[in-house]
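Engineer: Here's my sequence, what's the structure:
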Amino acid sequence: ESLHSSIGLLGISAGSLLLAVHFYSLPRASPLIPSTALGVLLLILSSLLAYSGIRRSLRNSSLFLSLCLTTSVFWCGHGVVFILGGQGVLDDAGDSRDALVPGLVTFTLALLVLAVVGFLCREVILAMVASALSLASAHQVATHFSTAFGSSAVACNYLVVCLVGGYFGLGRILYFLTKGKITLPGTDLATKKTHQPIQATSGSVNHFAVTGLILNMLSASVFGCRLLGVTGKLFMGQVPWLWAAGIYQMGICILSYRAMDVLMATFFGFTSILKFAGGYCLLYPVWQPEEPSFPTPFLVVFSILFAVLALFLTFKSPVDGLYLLFYVAYCIALACSPKGFFEGGPQGVDVAIFVASALMALIHLFNMRAGAKIPTGKGAGKALLAHSSFLKLREGADLHAPYLGYSKYADAEVLGYACSVLASFAMTVTGDPQAPLATVVIPWVVVAGGILKLLSGSVAFARGKTLESSAFILYAVMWVIWGLARFGGLYGTTRSFHAAVGIVAFMLFNSFIVLCTLFLNMAWFFYSLTFLLIAASFLLDAIHVLPAGYDIAATLIFGLVSFYCFLSALFNSVFEGSCLPMGRPIVQLSGVGAGMTKCLHLPARRASSVKRIADILKNGGTCGIPTDTVYVLVAACNRPDAVEKAHQSKRQAQDRPMSLWISSLKQLEPAKHLISPLLWDFMEAAWPSPISLVVPRGEWVDFLGMKDSAKYVGTPQSVAIRIPDCSVTTHLIDLVGPIVVTSANPTGEADTTHHNQVYAKLGNKVDAVLCDGPSPENIASTVVDCTKIDSGNIGFFRVGIIPKSQVLQILEQVQKK
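Structural biologist: Now for the predicted structure:
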């Protein structure tokens with residue numbers, strides 16, 4: 001149960017031991033561990049810590065999660081700096097100090113925040129580890145500025161971490177070996193779950209936000225230290241901190257979607273772009289002597305996106321909304337500074353972001369762990385909109401439920417549309433063909449338009465949005481290829497037929513997407529259609545016949561359509577109703593989109609969903625439900641109108657009669673005297689299972705209350721009856737009574753093995769679908785003819801998942817009995 005906690009703390013101890021050995025041997029001519037080897041080992045341990053923290057996050061351990069991920073990114077950046085030093089890249093005087101100090105300053109403060117909250121919340125082991133790591137970082141900073149501080153002080157602090165981790169590891173080993181009889185104080189992590197309140201999983205708490213805020217501190221520290229004179233210059237030695245923060249920030253973005261926090265996930269996606277852009281700017285002087293310039297229009301657009309996101313986030317948490325305003329100011333400062341990150345204005349805002357991020361990390365972490373909360377204004381937005389008839393905040397457990405059942409992720413379309421806006425407006429910049437890298441465009445196009453769009457497409461696919469995910473992924477590939485070709489120096493001034501052929505292929509793919517969006521909604525149709533204008537611009541440029549101003553017009557149109565989609569997705573994720581609608585499908589076909597607003601989709605894992613399906617069936621509705629085999633269409637047998645509706649909705653053939661399901665033989669007890677003893681014993685032995693028994697029709701049918709429904713069930717001579725081996729289905733039958741069943745597909749088509757297929761084939765003909773993902777089996781039940789069982793003979797109408805031999809064996813055992 002606490003395996004990942006053990007791995008995490010022992011991993012921190014192992015890394016601390018390496019660093020302790022390194023700093024003890026630092027005064028020697030040759031350290032015991034070479035810098036390159038130490039860097040590689042720290043990178044390996046950082047990946048182990050990241051895995052441990054993420055896995056442990058499922059157990060609601062926010063402090064441990066934050067400690068693991070913070071230490072992971074610290075050692076990731078530190079390890080790369082060690083590798084650069086070992087390879088002779090940081091040979092100049094002061095290079096090592098300028099490269100290390102921004103990261104060390106950040107983690108000194110971040111780990112101190114973790115230690116303070118740990119002591120306040122009585123997490124003594126974690127607090128001691130965090131405080132020792134913080135002191136080690138502080139001493140390491142001091143050694144770079146004063147010779148009075150020796151490296152032994154750093155090693156001593158890392159040794160404390162080793163001892164605490166060793167104590168913890170010994171405690172866990174003793175706990176397992178003695179089966180819980182011997183427990184060292186502070187090592188019995190399993191008992192802590194009884195004292196921790198269970199957090200809701202509806203998106204109210206994002207345990208990963210603290211790490212995201214610490215990453216914002218890290219990137220701000222790199223540029224803020226330069227302004228304050230802590231470091232002497234900005235150079236490539238600081239890129240590991242920026243890009244490590246960017247990579248981890250993308251991970252935090254994905255994990256925030258996993259935590260159902262759309263707005264903070266979008267924010268972390270935005271900030272990751274800035275981190276990669278900062279690293280790019282520090283790398284550029286390596287191959288060019290001058291500093292790169294920034295495209296002004298793009299950064300104004302970025303500030304608008306931050307401002308819109310801040311406005312929506314204010315309704316959820318005013319403090320978080322105010323925090324985002326720092327990034328609005330940051331983008332405006334960058335837009336006003338031709339040299340961007342290298343000028344004092346943006347660096348001043350970086351200092352403010354560093355301080356604000358530290359305060360926000362403290363507030364978030366304390367509020368997640370402590371009983372008393374620091375007020376953040378949550379609930380103010382809800383109170384403000386309480387009397388509004390136009391806007392109402394989305395709330396509840398089904399806040400992020402997709403149309404097609406379950407998803408472990410919230411919707412990432414907001415980020416996908418925003419990336420389209422960023423990439424399109426960045427492409428309006430016309431750089432120097434002789435020096436394409438001099439204008440900072442690649443990070444916006446490749447990271448925003450490419451990598452983050454791929455991320456959005458992957459999340460959309462996980463939510464069952466096949467078309468949207470295909471479009472996002474296709475556009476991401478296009479932005480990456482064209483961005484690198486045009487603004488990465490790969491394209492040059494020459495034009496060739498090969499590039500045109502590739503772009504034509506993309507246009508053909510996109511034409512297919514445009515055709516498909518006719519059945520989705522109007523916004524997506526215009527979104528995919530206007531991307532054709534972008535692709536046409538690329539094509540005209542490839543064959544060297546691009547009219548003046550066409551590319552700017554095309555990107556502006558696509559950018560504005562993307563911005564509308566961005567606003568619409570934001571409104572739909574924050575507020576109920578469709579304030580900015582995406583529009584209806586331009587073309588509607590039966591079963592394609594037509595039932596989107598009519599057919600309910602309810603998760604089968606919730607008892608409330610089963611109860612709601614039962615209420616629908618009692619009121620004369622029809623539903624698609626999961627079973628022990630494939631999905632089926634059901635109606636209550638005491639509702640003839642519903643049975644007739646089910647019969648008509650799937651165009652039931654006369655030779656494929658509907659069957660009858662019960663939850664237990666107790667429902668047939670009143671009619672037991674009308675059923676032969678051998679058949680009754682065979683039923684008891686065969687059920688519950690995926691075996692349907694076709695039995696002679698008789699007066700026993702009337703005991704189930706079918707009334708006028710009887711004419712749709714079975715044939716005049718026989719009825720197929722079964723008890724399914726599925727707890728959800730039998731619980732539903734207990735609530736409703738006997739149900740009439742048929743396969744959830746139009747007659748003649750293949751069986752449905754996923755709730756998506758039920759939704760696609762019968763979405764506009766049923767009242768609800770109980771969603772449980774893929775079926776446990778892809779084969780239907782075995783149908784046995786028991787009309788002549790008293791003579792000792794049975795037949796088979798269909799051999800399904802249960803083979804003949806097994807059915808005959810059951811009959812033989814019953815006959816012997």
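Engineer: which residues does A548 contact?
Structural biologist: With Cβ atoms under 8 Å, 6 or more residues apart in numbering as the criterion, no residue contacts A548. For every residue, glycine as well, the C-beta is placed using N, CA and C.
Engineer: Check I7 too.
Structural biologist: By Cβ under 8 Å, 6+ apart, the residues touching I7 are L48, Y51, S52.
Engineer: Please report the distance of the closest residue to the first one other than its chain neighbours from G53.
Structural biologist: If you skip the residues right next to it in sequence, L48 has G11 as its closest partner in space, 4.8 Å away by Cβ to Cβ, 6 or more residues apart in numbering. As for G11, its distance to G53 is 10 Å (criterion: Cβ to Cβ, to the nearest Å).
Engineer: Give me the more crowded residue out of those two.
Structural biologist: Neighbour tally, G11 and G53, criterion other Cβ atoms under 10 Å: the higher count belongs to G53, 28 against 25.
Engineer: So that one is in contact with L69, correct?
Structural biologist: Yes. G53 lies in contact with L69 (Cβ atoms under 8 Å); the separation is 4.7 Å.
Engineer: before we move on, the earlier item: most neighbours out of the contacts of I7, which is it?
Structural biologist: Highest neighbour count within the contacts of I7, by other Cβ under 10 Å: S52, with 25 neighbours.
Engineer: is it true that E468 touches W524?
Structural biologist: Yes. If you go by Cβ under 8 Å, E468 and W524 touch, sitting 7.2 Å apart.
Engineer: got the contact list for R369?
Structural biologist: Applying Cβ under 8 Å, 6+ apart to R369 gives the contacts S62, L63, V117, L120, C121, E123.
Engineer: one more time with 10 Å
Structural biologist: Residues near R369 by Cβ atoms under 10 Å, 6 or more residues apart in numbering: S61, S62, L63, S66, V117, G118, L120, C121, R122, E123, Q196.
Engineer: Of these - the most surrounded one?
Structural biologist: Highest neighbour count within those, by other Cβ under 10 Å: S66, with 32 neighbours.
Engineer: For that residue, which three-state class applies?
Structural biologist: Secondary structure state of S66, per DSSP: H, G, I helix; E, B strand; the rest coil, is helix.
Engineer: The residue nearest to L48 and L111: what is the separation?
Structural biologist: G11 is 16 Å from L111, by Cβ to Cβ.
Engineer: Over to V81?
Structural biologist: For V81, the distance to L111 - Cβ to Cβ - is 18 Å.
Engineer: Give me the local confidence score for K650.
Structural biologist: pLDDT, K650: 67.
Engineer: Ranking helices and strands of the chain by mean pLDDT, which lands last?
Structural biologist: helix 380-384 (a mean of 73; mean pLDDT, DSSP states H and E).
Engineer: And for that helix, what's in contact with it?
Structural biologist: Residues outside helix 380-384 that contact it (Cβ under 10 Å, 6+ apart) are 312-319, 321, 391-393, 395, 574.
Engineer: what do you get for stretch 727-737?
Structural biologist: Contacting residues not belonging to stretch 727-737 are listed as 604-605, 607, 609-611, 613-618, 623, 625-628, 632, 634-639, 661-664, 667, 688, 704-705, 723-724, 726, 739, 741, 770, 772 [Cβ under 10 Å, 6+ apart].
Engineer: same thing with stretch 339-347?
Structural biologist: With contacts defined as Cβ under 10 Å, 6+ apart, stretch 339-347 is touched by 219-220, 222-228, 233-234, 242, 274, 277-282, 285, 290-295, 299, 329-337, 350, 353, 440.
Engineer: Quick check on those: which are buried?
Structural biologist: Neighbour counting over the contacts of stretch 339-347 (16 or more other Cβ atoms under 10 Å) leaves 219-220, 222-227, 234, 242, 274, 277-282, 291-295, 299, 329-335, 337, 350, 353, 440 as the buried ones.
Engineer: what comes up buried for stretch 368-380?
Structural biologist: M368, R369, T376, A380.
Engineer: again, but for stretch 304-315
Structural biologist: Taking 16+ other Cβ under 10 Å as the neighbour-count basis, stretch 304-315 is seen to contain the buried residues L305, F306, V308, L309, A310, F312, L313, T314, F315.
Engineer: what is the rounded mean pLDDT of that stretch?
Structural biologist: On average, the pLDDT along stretch 304-315 is 93.
Engineer: so how far is that stretch off the chain centroid?
Structural biologist: Mean-position distance between stretch 304-315 and its chain equals 21 Å (Cα atoms, centre = their mean, to the nearest Å).
Engineer: what does stretch 684-697 give?
Structural biologist: 43 Å.
Engineer: May I see the buried residues of it?
Structural biologist: Neighbour count says stretch 684-697 has A686, W687, P688, S689, P690, I691, S692, L693, V694, V695, P696, R697 buried, by 16+ other Cβ under 10 Å.
Engineer: what does stretch 297-304 give?
Structural biologist: Under the neighbour-count criterion of 16+ other Cβ under 10 Å, stretch 297-304 has F298, L299, V301, F302, S303 buried.
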